[in-house]
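Colleague: build me a model from this:
(3 chains)
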Amino acid sequence: MDLKKFKLIGINYFKNNTVEVARNLLDCYLITDKKGVICGGRIVETEAYLGFEDKASHASVGPTRRNSVMFGPAGYGYVYLIYGLHCCFNIVCEKKDVPGAVLIRAIEPEIGVDIMKKRRGKEKSLDLTSGPAKLTQALGITLKDNGKLLQQNGVLIMKRNNSRPRALCSGSRIGITKSIELNYRFYIKDSEFVS
DNA sequence: TTTCCGATTGGCT
DNA sequence: GCCAATCGGAAAC
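Modeller: Modelled structure (predicted):
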């Protein structure tokens, strides 16, 4: 797979305000290279999770074994198991000791689509990456990626050259019961893959 | 150590 | 639209 059309986004990009990073990640590409097997697509839905004041965030209870990565330096993957079944993938933001992470909720499958179909056991494009646990399965992201620095584990964030601007929206986050008043969900309005 | 429950998904009514 | 699957983190006891 030829990634010449793409430019790698460096780790410094994430040493920033989490909400801002969540918004800026829309329209970037999430691409995995697992043992030379490359797949990915355009990010169309993200959510920001902060610290103590954000009661929906795992970090709201202070540092624990599970969430410790969120308190570490930016650019690391925070991957956790949800409902005992599924993995969700986040990118840690902010400086060390300031908790914050961006959950990637949906991408538009574009690169290595056949690989993703195989990993998912689904044929329809809409079933591949239209949800946080679907896309981790499609991209081969697992709990082993928790606490790993991006790029070093073959998880890449890239920007496509000359990509057309699309309308962005924000709103309340999905699947949570606390801090629902915070509009930390960001998505591309016209994408079919938004959950 | 016991209990409760979740940043979801997919199958069935 | 409803609900089971399935398990480990966090808090209660």
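Colleague: isn't A:Leu143 right up against A:Ile82?
Modeller: No: checked against Cβ atoms under 8 Å, the pair A:Leu143 and A:Ile82 is beyond contact range at 11.2 Å. Yep, even glycine has a C-beta here, placed from its N, CA and C like the rest.
Colleague: all strands of chain A, in order?
Modeller: Along chain A, the stretches classed as strands by DSSP state E are A:6-8, A:29-34, A:37-49, A:77-82, A:86-92, A:101-111, A:155-160, A:168-171, A:185-188.
Colleague: what's the closest of the ones you listed to A:Gly62?
Modeller: Each of the strands of chain A was scored for nearness to A:Gly62 using Cβ to Cβ, and the closest is strand A:37-49 (14.2 Å).
Colleague: packing partners of that closest one?
Modeller: Helices and strands touching strand A:37-49, as assessed by 3 or more Cβ pairs under 8 Å, 6 or more residues apart in numbering; DSSP states H and E, comprise helix A:18-25, strand A:29-34, strand A:101-111, helix A:113-120, helix A:132-139, strand A:185-188.
Colleague: distance check, the residue most central in space within chain A against A:Asp114.
Modeller: By Cα atoms, centre = their mean, chain A has its centre lying nearest to A:Ile104, at 2.4 Å. With the distance defined as Cβ to Cβ, to the nearest Å, A:Ile104 ends up 21 Å from A:Asp114.
Colleague: ditto for A:Lys148
Modeller: Separation of A:Lys148 from A:Asp114 (Cβ to Cβ) stands at 26 Å.
Colleague: name the residue in these two with the higher neighbour count.
Modeller: The neighbour count for A:Lys148 versus A:Asp114, taken as other Cβ atoms under 10 Å, is higher for A:Lys148 (17 against 8).
Colleague: now the more buried one: phi and psi?
Modeller: Here is the backbone geometry of A:Lys148 (degrees, to the nearest 10): phi -100, psi 140.
Colleague: close enough to count as contact, it and A:Gly77?
Modeller: Yes: taking contacts as Cβ under 8 Å, A:Lys148 lies within contact range of A:Gly77: 5.3 Å.
Colleague: now the common contact residues for the two.
Modeller: Common neighbours of A:Lys148 and A:Gly77, counting by Cβ atoms under 8 Å, 6 or more residues apart in numbering, are A:Val155.
Colleague: buried stuff in stretch A:156-171?
Modeller: A:Leu156, A:Ile157, A:Ser170 (16 or more other Cβ atoms under 10 Å).
Colleague: the second one and A:Ala106, how far apart?
Modeller: Right, A:Ile157. In this view, A:Ile157 and A:Ala106 are 15 Å apart by Cβ to Cβ.
Colleague: ok, now the last one?
Modeller: In this structure, A:Ser170 lies at 15 Å from A:Ala106, with Cβ to Cβ as the measure.
Colleague: next: A:Ala133.
Modeller: Computed as Cβ to Cβ, the A:Ala133 to A:Ala106 distance reads 11 Å.
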